[in-house]
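Enquirer: From the sequence below, what's the structure:
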Amino acid sequence: MKQQTPIKIFLVDDDPVFLNLLEIEFLENGDFDIETYESGEQCIENLKNKPDVIILDYLFDNIGKTAMNGLATLDKIKDFDPEIPVIILSAQDKIEVAVNCMHHKATDYVVKSETSFLRLKKIITNTMKYNKMKKQLKWYMDRM
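Expert: Residues are numbered from 1 along each chain as shown. Model prediction:
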């Protein structure tokens, strides 16, 4: 029987406590390979590690004024590989922020809360199923 490989997730957030808690949630509740980064710059430097999904903070306000924000990081990720799903995770509970993220080609937008992990896990599951179906359809269409 074919062994499933773990889903490689990049967690990118400037809050080390939240980042650690989110990493623990993923490791305890599924088959995930997790890499954590505290800045958008670190994430960009490691894209060669080929993540399946990136969960990216919207604001990096704990780092400093020169740090790349979530949208700039998202744009660089999409320049590197437009197929990498990026989920923006933020304390910003404003529709304008969510819409702006979607305009920058984010896969989804999740507000930080006590239920964010459950929502993230569901989004990742659905995204991986969608990507698998897309690859299967492409394979099929290429043979016609």
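
Enquirer: Show the subsequent helix or strand relative to the helix or strand containing L74.
Expert: Taking DSSP states H and E as the criterion, L74 maps to helix 70-80. As assigned by DSSP H and E, the chain's next helix or strand after helix 70-80 is strand 86-90.

Enquirer: okay, and for the protein, where does confidence drop off?
Expert: Applying pLDDT under 70 to the chain flags the ranges 1-3, 62-66.

Enquirer: again, only this time at 90
Expert: Applying pLDDT under 90 to the chain flags residues 1-5, 15, 18, 30-31, 59-69, 91-93, 113-116, 130-144.

Enquirer: for it, what's the longest helix?
Expert: helix 116-142 (DSSP state H).

Enquirer: Which strands or helices does that one pack on?
Expert: strand 7-12, helix 16-28, strand 53-57, strand 86-90, strand 108-111 (3 or more C-beta pairs under 8 Å, 6 or more residues apart in numbering; DSSP states H and E). C-betas here are computed from N, CA, C, even on glycine.

Enquirer: Parallel or antiparallel, list what pairs with the third one.
Expert: Based on DSSP bridges, the pairing partners of strand 53-57 within the sheet are strand 7-12 (parallel), strand 86-90 (parallel).

Enquirer: Relative to W139, how far out is I55?
Expert: 28 Å (C-beta to C-beta, to the nearest Å).
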